[in-house]
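Peer 1: the sequence isn't on hand, but the structure is:
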C-alpha cells in the first residue's frame, strides 16, 4: 500500500503504537492516534500528534488501520471499518514492509522471551550481525531504522501480533509450545493455536520451521508450511534437529554440550536452548560458538531470576509466568520446599492442574490479586493457602514462615494488570520488596 498521503489510524498508544506512528509519519502518512483511555505522550506531542478517543468517528476516514498488539482485532469499530473495505493490519505487518535483512520469528505460549534473547546473544557472540526486538524490548517498527541487509532481525512474536499479519514472512520461524493462554482474547484454544501457526503460512522453500516434536499442536504446523522442518525434543532423538541424549545436548547428530553446562534452571530451558541452537546454526553459528555463547548467557530478567538468599532461604522472580503452563514449568525446576506466590488478573485459565505439583512441592501458597479466590477453590486444598491480597503482604508472610533450605517463588500464573502496569513492574516490585527484607 502507498503510505505517502494516506490517512492511517493507529489504535493503542503503548510502545508499539507510538513506534508505528513515528514510522508512518516518516513514510508520509497522515496519522490519527487513538486509545481507549486519555493519554499524554511527550514523543507524540513533539510530532504534533494528539491522541483521540477510540470511537467510531475516529476511524471514519481511515485508508488503513494499524492495531497495537493490545487492541483486539474484533473491536467493534475495527470490524465496521473492515466491513467498509478498510485494510486492517498490526504493527508487525507494518514493520515487515520496511525491515531490511532476514527475519527470525519466535512464538510459543512460554519460553519465547528467553529463546529470543538467547538466539540474539548467540548470533552476536558469534560475530553474526543481529538485532533483537518484537514483543521483547524494542517494538518492530522501531527496528526499521537500524535494520540493514546482511543482518538478522530476531523477533519475539505474540499471538496478538501474528493474528493480524498478511505478508509477514520469517526466514526462520520457531514454535516452542502451545498451551492454554489468552483465552479471554482468543476465546478458544483452536483460535489461539491458529494465531500462533500463522507464523509459518508465508514461509517459502529454503526457509526453516523449528518445531517442538513433543507438543502435538506445534507438530501440526509442519503440515502448513513450505519451509524445511527442524525438530527439537527433550524426550527422544529427532532428525533433523536437536535432542537430549544421556545428559548431552545433540545438534545435527553431533554432541553440542552437556546439558549441565546450560546456566538456566529447568527442562524447559534446555528446550529453549535447543531451539535457539537450531536457529543460530542455520544463521551461520558453529557448534563451538553456540556452546560458548550459551555458557555465557546471563539469562533474562523476570524469568526464573535468582533474587537473593537470606537466612538460608532462596528467592526467585518468575513474574513472566503469566499463565498456568509457565508456572508448571517453574515448579518443575525445583525439588520442593516451595512457598509459591500466585495470583493476578485471570485469563480464563484452569488452575486445578496446579494442585498435584503444589501438593508435592509447596509448603504454602500465597495468593494475591483479583483471581485469588478462584485459585484457592481450584487447588482443592492441595497445599496450605494464605490469602495475602497484595504482593507486599505475600513477601512479608513468606519471610516470616520460610525456613533455611526453602525457596520462595513468584510464579503468578496470571496477568499483572489488576495491580501492576505489566509483568516487569510486578517483578521489579518483588525484587525491591525482597531486597529490603532483614534491614
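Peer 2: That came through, no problem. This one's a predicted model, so the numbers in the text were calculated from it and none came from an experiment.
Peer 1: please verify my assumption that residue 132 contacts residue 118.
Peer 2: No: using C-beta atoms under 8 Å as the test, residue 132 is too far from residue 118 to be in contact (9.8 Å). Where C-beta positions appear, they are placed from N, C-alpha and C, glycine not excepted.
Peer 1: between these two, which has more neighbouring residues?
Peer 2: residue 118 (30 against 22; other C-beta atoms under 10 Å).
Peer 1: isn't the more buried one up against residue 298?
Peer 2: No: assessed by C-beta under 8 Å, residue 118 is found out of contact with residue 298, at 10.1 Å.
Peer 1: related to what we said a few turns ago, spit out the residues that contact residue 132 and residue 118 alike.
Peer 2: Counting by C-beta atoms under 8 Å, 6 or more residues apart in numbering, residue 132 and residue 118 have no contacts in common.
Peer 1: does residue 328 touch residue 353 like I think?
Peer 2: Yes: if you go by C-beta under 8 Å, residue 328 and residue 353 touch, sitting 6.9 Å apart.
Peer 1: more neighbours: which of those two?
Peer 2: Between residue 328 and residue 353, counted using other C-beta under 10 Å, the more crowded position is residue 328 (19 against 15).
Peer 1: which phi and psi does the residue found closest to residue 414 once you drop the neighbours it is linked to in the chain have?
Peer 2: Spatial nearest neighbour of residue 414, chain neighbours left out: residue 344 (3.1 Å); criterion: C-beta to C-beta, 6 or more residues apart in numbering. Backbone dihedrals for residue 344, given as degrees, to the nearest 10, come out at phi 150, psi -140.
Peer 1: residues near residue 344, how many?
Peer 2: By the criterion of other C-beta under 10 Å, residue 344 has 27 neighbours.
Peer 1: got it, and residue 137?
Peer 2: 16.
Peer 1: ok, now how distant is it from residue 424?
Peer 2: 11 Å (C-beta to C-beta, to the nearest Å).
Peer 1: same question, residue 168
Peer 2: 26 Å.
Peer 1: one more: residue 260?
Peer 2: In this view, residue 260 and residue 424 are 30 Å apart by C-beta to C-beta.
Peer 1: next SSE after the helix or strand hosting residue 291?
Peer 2: Using DSSP states H and E, residue 291 maps to helix 287-295. Counting by DSSP H and E, the next helix or strand C-terminal to helix 287-295 is strand 305-310.
Peer 1: run the angle between whatever helix or strand comes next after that next one and strand 305-310 for me.
Peer 2: Following strand 305-310 in sequence order, the next helix or strand is strand 313-317 (DSSP H and E). Strand 313-317 and strand 305-310 are oriented at 160 degrees to each other (axes from the mean of the first three to the mean of the last three C-alpha atoms, to 10 degrees).
Peer 1: give the other helices and strands that strand 313-317 contacts.
Peer 2: strand 305-310, strand 407-410, helix 423-435 (3 or more C-beta pairs under 8 Å, 6 or more residues apart in numbering; DSSP states H and E).
Peer 1: nice, that's everything, thank you.
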